[in-house]
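> Turn this into a model:
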Amino acid sequence: MAEEKDAADSLVSDLQKRITEAFEVFDHESNKTVDVREIGTIIRSLGCCPTEGELHDMLAEVEEEEPTGYIRFEKFSPMMTKVLLERRYRPISEDILLRAFEVLDEKKKGFLTKDELVKYMTEEGEPFTQEEMEEMISASVDPDKNIVPYKEYAAMMVVEDY
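The predicted model follows:
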């Protein structure tokens, strides 16, 4: 029983260290606060991939009663520790990502064109913002051929589990 508690304490301690390090990157004033607009980046850097709606819910949980535009570490850390312990908002596996690309690749070419990618990401489901779209294009589109070789892209997108 004591060994299990030690292992759990160690995991929590490791997670809190990772959360602190990620938070401090964006704590430009070194005052234990970050701009609310940076929270999504911090959460994603910790291996979580919430939707915009889920991110909004997370922010609502840690924002002050009167929103200041800043999030305090003392509120963010316990919420983020819980999210990581519960393994919420985990990224999908490479297999599922590949299958999704294969469904979009109706002619089985092994790639999507940049135009196809933009169309699918802006017209279906929860549309990507312009900024997200530009980020995805720069990460996924081969600039010489103007295509997304999705097998390589999917392999690159997999987040290492902890």
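> Show me where the chain has its helices.
Assigned by DSSP state H, the helices in the chain fall at 2-26, 39-45, 52-62, 73-85, 94-104, 114-123, 130-140, 150-157.
> So for Thr33, which of these sits nearest?
helix 73-85 (7.0 Å; Cβ to Cβ). C-beta here means a position set from N, CA and C on the backbone, and glycine is covered the same way.
> Now render the helices of the chain as TSV, adding mean neighbour count and distance to Lys32.
Shown next, in TSV, are these (neighbours: other Cβ atoms under 10 Å; distance: least, Cβ to Cβ, whole Å):
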stretch	mean neighbour count	distance to Lys32
helix 2-26	13	8
helix 39-45	18	13
helix 52-62	14	13
helix 73-85	17	4
helix 94-104	14	36
helix 114-123	15	36
helix 130-140	13	27
helix 150-157	16	32
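> the domain parsing of the protein - what is it?
Split into domains by automatic domain parsing, the chain comes to 2-85, 94-157.
> on that earlier part again, rebuild the helices of the chain as CSV, extending it with mean pLDDT.
Formatted as CSV, the helices of the chain follow (pLDDT from 0 to 100):
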stretch, mean pLDDT
helix 2-26, 88
helix 39-45, 93
helix 52-62, 93
helix 73-85, 96
helix 94-104, 90
helix 114-123, 89
helix 130-140, 87
helix 150-157, 84
